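Engineer: One predicted model, sequence on top.
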Amino acid sequence: MVELVFPAAPHTTVAVAHRDAVFPVRRIYCVGRNYLAHAREMGADMREPPFFFQKPADAIVASGSTIAWPPATRNLHHEVELVLAIGRPGFAIAAPDARQHVFGVAVGIDLTRRDLQEAAKKARQPWESGKSFDASAPVGAIHPLEAAEPLPGKGRITLSVNDVVRQDGDLAEMIWDCAEIIAQLSRQFRLEAGDLVFTGTPAGVGPMQPGDRLVGRIEGLEPVVLSISATR
Ligand code: MN
């Protein structure tokens, strides 16, 4: 075994609900504009094929954490999303087979530096600065799907800031459902166990302030809770 020149970074993990185990994260994929009302609020209005971007695996933040105000932004937005946790590898997965590749589901927040994202869009540059920064992926505990449990197709999804509900939608409003997302994503990338897929956000995204406390909820799942430190 070749010696490492310095110790490797610890593997990022996400808690698994009701189990003394954690889910090792490989990659984080995210779907853009997957709820019609949110696509409209962002200025788009079509059932285009879903598009994907990535966040680094070490952008994961455990539920219950407090994070520093992210650097280089004055316009930090919350996007509450259903997250699929892939448990079985696959390439070009057919939608009816997608369920077999999912270990479990969780609630996540796709934190977005909206000012940097908008600047990138305008300049036709990639989205990394707006989407893929440190601590940009808070995720709650993963609910393992039981053998007979289907992929979620409906259920209330909400995000509150300081106990005021800002986003309030239903998973049934997704333009591309979970199985279709996995089918389309797996045509572009070979999915592996440990991949997480953020499936898009309902309407109501908006700016946060230092000191805010966020709670993201999806019916039947463990909430994700995140605090932002009080100083910029
Ligand atoms: Mn998003």
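Structural biologist: Cool, the structure landed.

Engineer: Residues touching the helix or strand of the chain with the lowest mean pLDDT, excluding its own?
Structural biologist: Here the helix or strand of the chain ranked lowest by mean pLDDT, DSSP states H and E is helix 36-41, holding a mean of 78. Outside helix 36-41, the residues within contact range by CB atoms under 8 Å, 6 or more residues apart in numbering are 33, 45-46, 169, 173, 175, 200-205. Using the backbone N, CA and C atoms, a C-beta is placed for each residue, glycine as well.

Engineer: Kindly state the pLDDT recorded for the residue nearest the centre of the chain?
Structural biologist: Geometric centre of the chain, nearest residue: residue 198, 3.3 Å, by CA atoms, centre = their mean. Residue 198 carries a pLDDT value of 98.

Engineer: beta partners of it?
Structural biologist: Bridge pairing for residue 198 (DSSP bridges) gives the partners residue 30, residue 83.

Engineer: Pull the contacting residues for it.
Structural biologist: With CB under 8 Å, 6+ apart, residue 198 has these contacts: 28-31, 55, 81-83, 108, 110, 137.

Engineer: quick check, nearest of those residues to the ion?
Structural biologist: residue 110 (3.5 Å; CB to the ion).

Engineer: quick one on the thing from earlier: please produce JSON lines containing the contacts of residue 198, extended by pLDDT.
Structural biologist: Below are the contacts of residue 198 laid out as JSON lines (pLDDT from 0 to 100):
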{"residue": "28", "pLDDT": "98"}
{"residue": "29", "pLDDT": "98"}
{"residue": "30", "pLDDT": "98"}
{"residue": "31", "pLDDT": "96"}
{"residue": "55", "pLDDT": "98"}
{"residue": "81", "pLDDT": "98"}
{"residue": "82", "pLDDT": "98"}
{"residue": "83", "pLDDT": "98"}
{"residue": "108", "pLDDT": "98"}
{"residue": "110", "pLDDT": "98"}
{"residue": "137", "pLDDT": "98"}
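
Engineer: The ion next: which of those residues are close?
Structural biologist: residue 110 (CB under 5 Å from the ion).
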